[in-house]
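1. Just to be clear, the model below is a prediction. Sequence and coordinates:
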Amino acid sequence: MGKPRRGSAALPPTERLHPRADDLDLQSPEAIVRRLHREDLAAIRAVRGTLPLVAEAARTVAEALRAGGRLLYVGAGTSGRLGVLDASECPPTFGSPPSQVQAALAGGRRAMTRAVEGAEDDAQAGAEAVRHLRAGPRDVVCGISASASTPYVLGALAEARRRKAHTVLVCCNPPKRGTRVDILILAPTGPELVAGSTRLKAGTATKLILNALTTTAFICLGKVYRGRMVDVRPTNAKLRARAARMVAELTELSPAEAQRLLAAAGGEVKVALAMHFTKLKPQEARKRLQTSSLRALAAKPPRNKKPSALPSERT
């Protein structure tokens, strides 16, 4: 195996040559895949050390969303695309409005599918993205930058701090001295098997962190009950079947009864469950959910222990 070139130690860790990569192009596909998999495991180990800070950030996000604020991702390249992906998955998974978790990507929408040269080097564009989103004290602005030095991201975070927003930086290299954020989530993944290709190990670590961040925040907000996504929006056949199955499993009703209850609840799983636990009609069940969790409603037997007929109205 070849030794790293002179001067490579001066590069950021994710840009350095990997000590086991010099003969990578001589290996069989099976051997290459095994090496890549070992690096994926290293990404998981790197994330493990960040968990207390991820939990702190998730708590901050949950508090912000509860108070009417938003989670705003800003990033470039692979890091930015991962932010867009995470934001786009929140509405179908947790029933959250699209405005609640948003993402700004250097280079705009076309950068999702192709590189926009120089977009990540524009700090002013990052600041403008935060201004365009009207970030404020109730919001959390989360910068995503494997290198921890992307000008677009640093410009965005500086503007977010100026606007009194909470700030988080997810990165895989130590940031430069003087970088100021409220929560720094550093997963030190080290050199990539393909030097500088942070869509590999660094991208894997970043995806894991973003998954944990939003999933934990929304669980704290009551979007998950007994391991189910009870605020799911049943917008296709698969999700409609999942919604009916959840209602049947969590109420022990027959599939036909669960379907009728779900229809009476306007297709909303959480409302259907609240109706079952409280024996209330849809409108009253919705009001009860504003002040009580499903756990609390399930724990309290209804005053009228005789099951009432399923309401016929749709809301």
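-> Nice, I can see it. Residues are numbered from 1 along each chain as shown.
2. how about the strands in this protein?
-> 71-75, 101-105, 140-144, 166-171, 183-186 (DSSP state E).
3. Of these, which is nearest Phe218?
-> strand 101-105 (9.1 Å; CB to CB). Placement of C-beta: from N, CA and C, glycine included.
4. outside of the closest one, which residues touch it?
-> 70-76, 80-81, 83-84, 86-88, 90, 111-112, 126, 129-130, 132-133, 156, 214 (CB atoms under 8 Å, 6 or more residues apart in numbering).
5. before we move on, the earlier item: out of the strands of the chain, nearest to Ala42?
-> Among the strands of the chain, strand 183-186 sits nearest to Ala42 (CB to CB), with 14.8 Å.
6. Neighbouring strands - and their directions - for that closest one?
-> strand 166-171 (parallel) (DSSP bridges).
7. The partner strand versus strand 71-75: what angle between them?
-> 40 degrees (axes from the mean of the first three to the mean of the last three CA atoms, to 10 degrees).
8. Mind listing what's buried along strand 166-171?
-> His166, Thr167, Val168, Leu169, Val170, Cys171 (16 or more other CB atoms under 10 Å).
9. now the angle between strand 140-144 and that strand, please.
-> 20 degrees.
10. average model confidence for strand 166-171?
-> Mean pLDDT, computed over strand 166-171, is 98.
11. got the contact list for it?
-> 57, 60, 64, 79, 139-148, 153, 157, 160-161, 175, 179-187, 206, 209-210.
12. 7 Å - rerun?
-> 57, 60, 64, 139-146, 148, 157, 160-161, 175, 181-186, 206, 209 (CB atoms under 7 Å, 6 or more residues apart in numbering).
13. related to what we said a few turns ago, would TSV of the strands of the chain with distance to Ala195 be doable?
-> Formatted as TSV, those follow (distance: least, CB to CB, whole Å):
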stretch	distance to Ala195
strand 71-75	21
strand 101-105	24
strand 140-144	21
strand 166-171	18
strand 183-186	20
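14. any idea how far Asp231 is from Ala272?
-> 12 Å (CB to CB, to the nearest Å).
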